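Asks: Turn this into a structure:
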Amino acid sequence: MTLEELAGEHQTFGSMEKVGDALEEVLSKALTQRSITIGVYEAAKLLNVDPDNVVLCLLAADEEDNQDVALQIHFTLIQAFCCENDINILRVSNPSRLAELLLLGASGGGEQPADLHCVLVTNPHASQWKDPALSQLICFCRESRYMDQWVPVINLPER
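Replies: Prediction:
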């Protein structure tokens, strides 16, 4: 058992559910404020141009995606860049639920974008920092880093 696995076992299901709910709320608000970037390539472009405006990076992969070497290399580079620039990172273990959230909000259930593996949430207004859901996610990321879990994995609750 690795240190990351051991640290992850100490988190209760209730707190993980609250983090999942907070993430849903942050994504919903980001969609309405148009402060979201979807896709590995688009995320890389934004991180290159304006990393100071990014407050959260989501990396989504399922079991099949974990076998994709090219995607894992992209994830490693994005994670390194985010760590270097103090951007909070979460890994989402159920990309299908993430797709539901992003598609229902973005296009009313239309066609699925080609790449939902990386999602960035930007900070368009200073008032967003006062958002309790975003604050909860930032605290969760910080606490995870204190336990040497640099990219915590969460599971979005099914509805």
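
Asks: Kindly provide the whole-number mean pLDDT of the longest helix that the chain contains.
Replies: Criterion DSSP state H: the longest helix present in the chain is helix 13-33. If you average the pLDDT over helix 13-33, you get 83.

Asks: what's the offset of it from the middle of its chain?
Replies: The gap between where helix 13-33 is centred and where its chain is centred comes out at 10 Å by Cα atoms, centre = their mean, to the nearest Å.

Asks: got a list of contacts for that helix?
Replies: Residues from elsewhere that reach helix 13-33, judged by Cβ atoms under 8 Å, 6 or more residues apart in numbering: 36, 56, 58, 90, 92, 98, 101-102, 105-106, 119, 121-122, 124-125, 128, 131-134, 136-137, 140, 154-157. C-beta: built from backbone N, CA, C; applies to glycine.

Asks: Would you write a ChimeraX line that selects the buried entries of those?
Replies: In ChimeraX syntax, the buried subset of those is picked out as below (16 or more other Cβ atoms under 10 Å):
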select :36,56,58,90,92,98,101,102,105,119,121,122,128,131,133,134,136,137,140,154,156
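
Asks: Among the contacts of helix 13-33, which lie within strands?
Replies: Secondary structure from DSSP state E places I36, L56, L58, L90, V92, V119, V121, T122, I154 of the contacts of helix 13-33 in strands.
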